[in-house]
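# how would this look folded up:
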Amino acid sequence: MIIGVLKENKEGESRVIVTPTGVSELCRCGHTVLVQKDAGTQAGFSNDEYVEAGAQLRESMQDIYAESELVAKVKELFPEEYDLIREDQIMLACFHPAANREETDVMLDRKIIGFAAEDTHRYGSPNCEVAGKLGAIMGTLCLTTMYGGSGKLVGGMGGAPGINAIVIGAGIVGKGATEVLASLGAKVILMDVNVGVLRSCGTIFPKNVHTAFSNQKNIADLLPTTDLVINCVKWPKHRKDHLISRDMLKLMQKGSAIVDISADLGGAIETYRPTSHHNPTYIVDGIVHYGVDNIPGAVPHTTSIAYAAVVLPHLLSIANNGVEEACKRDAYLRRSLVTYKGTLTHAETALIQNRERITPEEMLGLTDCQNLDRI
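Residues are numbered from 1 along each chain as shown. Model (predicted):
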């Protein structure tokens, strides 16, 4: 199979979905790998490294789309790519289709076989871990006066206390954020709706981390003494309420900060809006907001190594076995199938956009295949 690796075209995004190590593995299995020139340069992987690993370089995005049977990239589709996609072409990327009806329309109209990479992770995405850790670091920077913050140091110093922080959501993202904040000396309250998760967190984190049930009332009670809020909850897209409303900002001290790692418009944080690495913050009612929606893109070398490693088995399986067999073998890959030759197969997208869909199993004629809860 001819596999194309694109250079990312999102502002501030420098990750690459296949590293030279991945190229070596794909080529070893007999596949041809085309890499867009400079796709990995900002992540620390030179063009020469890709060539030495067996890849062929191509000058442009147009070349990759024109020649490749399977196209892989980190981020979603952008308008300049729409007309380049070919019918029956296979794509793997973080499409996030439920939140992007226009993109979904294009995938259906162009009749591609599209896999949402964010849904393929059996053990959670490395992007989540790095987003949590780096989001916490950026949150501590937001408290400096350089960003309009209160001027507080995360861990304090002799005679001056450190900050109080809330981390909402104790999944991979929240645990990463808590690990960093706790190690820097902050007093952290980690919130979740699952008592089992909270119990386990109580055994793995140091004594400056406490746990609490996540709900709007408990959050509101804590906000007056909280310096930093890190939201790690992916809010259901059909809900119209919020965990932290704009009115609740009045409870916070001026110069406090909110980092919404989940980056949801109309989500858990009502006042969230997306920002970029070049202009990452804005202030609402005296509260500093950090809204970068691709936080891991700031540390592309580390993230690319981990992310490419977990995506590679899916690329190998599709290339080695074909789409149908790859989906039959792996329920996580199967559930990530967004569109198949003009048919919507993605459950969340169908629900949020109120569309008809056919399940991947029905679409591919799969029987006797593993379920998510059996693997």
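# what's the burial count for Ile189?
19 (other C-beta atoms under 10 Å). Using the backbone N, CA and C atoms, a C-beta is placed for each residue, glycine as well.
# hmm, it is touching Ile163, no?
No - the pair Ile189 / Ile163 is not scored as a contact, 11.7 Å apart, by C-beta atoms under 8 Å.
# the stretch 201-350 of the chain: helices as residue ranges?
Listed in chain order, the helices of the stretch 201-350 of the chain (DSSP state H, counting those that start in this stretch) span 216-222, 300-321, 323-329, 331-335, 347-353.
# tell me which of those helices sits nearest to Glu76.
Glu76 lies closest, by C-beta to C-beta, to one member of the helices of the stretch 201-350 of the chain: helix 347-353, at 12.7 Å.
# redo the helices of the stretch 201-350 of the chain as JSON lines? Include mean neighbour count.
Formatted as JSON lines, the helices of the stretch 201-350 of the chain follow (neighbours: other C-beta atoms under 10 Å):
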{"stretch": "helix 216-222", "mean neighbour count": "15"}
{"stretch": "helix 300-321", "mean neighbour count": "20"}
{"stretch": "helix 323-329", "mean neighbour count": "20"}
{"stretch": "helix 331-335", "mean neighbour count": "21"}
{"stretch": "helix 347-353", "mean neighbour count": "18"}
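# please name the nearest non-neighbouring residue to Val323.
Take Val323 and drop its neighbours on the chain: the residue closest to it by C-beta to C-beta, 6 or more residues apart in numbering is Ile113, 5.8 Å away.
# got phi/psi on the one you found?
Backbone torsions for Ile113, taken as degrees, to the nearest 10, come to phi -100, psi 100.
# in the sheet, who's paired with it?
For Ile113, the beta-bridge partners are Ile90, Tyr340 (DSSP bridges).
# that one reaches Thr343, doesn't it?
No - using C-beta under 8 Å, Ile113 is not in contact with Thr343, being 10.1 Å away.
# tell me which of these two has more neighbours.
Counted by other C-beta under 10 Å, Ile113 and Thr343 do not tie: Ile113 has more neighbours, with 22 against 15.
# redo the helices of the stretch 201-350 of the chain as CSV? Include mean pLDDT.
Formatted as CSV, those follow (pLDDT from 0 to 100):
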stretch, mean pLDDT
helix 216-222, 97
helix 300-321, 97
helix 323-329, 95
helix 331-335, 95
helix 347-353, 93
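# distance to Gly196 for these - can I get that in CSV?
Formatted as CSV, the helices of the stretch 201-350 of the chain follow (distance: least, C-beta to C-beta, whole Å):
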stretch, distance to Gly196
helix 216-222, 18
helix 300-321, 25
helix 323-329, 30
helix 331-335, 22
helix 347-353, 25
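# and the ones you listed: which comes nearest Ser200?
The nearest among those, by C-beta to C-beta, is helix 216-222 at 19.4 Å.
# now that closest one, how far from the centre of its chain.
Here helix 216-222 is found 27 Å from its chain centre; the criterion is C-alpha atoms, centre = their mean, to the nearest Å.
# dump that helix to CSV, keeping only the CA atoms.
What follows is helix 216-222, C-alpha atoms only, in CSV (Å, rounded to 0.1, in the frame of the first residue of the first chain):
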residue,chain,number,x,y,z
GLN,A,216,-21.5,22.7,40.1
LYS,A,217,-22.3,23.3,43.8
ASN,A,218,-19.1,21.9,45.0
ILE,A,219,-17.1,23.8,42.4
ALA,A,220,-18.9,27.0,43.4
ASP,A,221,-18.1,26.5,47.0
LEU,A,222,-14.4,26.2,46.2
